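[1] Whatever this is, show me its structure:
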Amino acid sequence: MSEKLLRVGTTYLPVRNVASAAEWYTVNLGAKVNYSDEDKAILDLANQSFFLVQAGNNQSANFFDKNGKEHFSMTFEVNGLSALKDLHKDFKEKKLKVGDIEDRGHAGKNFVFWDMDGNKFDAWSELSPDFKEKYTVQ
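    Residues are numbered from 1 along each chain as shown. The predicted structure is shown next:
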């Protein structure tokens, strides 16, 4: 079966204050702001567009499983365990909310982190083989 959908182009994230959130993503994650108004900001981050959308209070991209455990909706990849450890250290030095590096029983290691609006994300030490091949990452 051939794939009909080729890539994820845009992810939408709810934020309380567009300008503050755009600055947070720029300073802490290295995003580039392409457009911003009072309702939204469009960022380039991790080979994708992210729309930070002004949302109501207590909104996030997180969800809860049937057992009530909160989950992230997205995993960012880095190139190897050393890069993951460096990112984790950087986030801790910046005083971001970040979990411990974990072994979840599969290839690589992970940790979770949150943005200023409570959106929970995952970071994984294993860069996908397709991405490595396409972008000739060693």
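
[2] My reading is that Asp130 lies in a strand. Confirm?
    No: counting by DSSP: H, G, I helix; E, B strand; the rest coil, Asp130 falls outside a strand, being helix.

[3] and it, how many neighbours?
    Applying other C-beta atoms under 10 Å, we find 8 residues neighbouring Asp130. The C-beta positions use only the backbone N, C-alpha and C, and glycine is treated the same way.

[4] helix/strand/coil for Asp44?
    Assignment for Asp44 (three-state DSSP): strand.

[5] Enumerate every residue touching it.
    Asp44 makes contacts with 31-32, 34, 50, as judged by C-beta atoms under 8 Å, 6 or more residues apart in numbering.

[6] and which of these is nearest to Ile101?
    Ala31 (23.0 Å; C-beta to C-beta).

[7] Check what pLDDT the closest one gets.
    On pLDDT, Ala31 comes in at 98.
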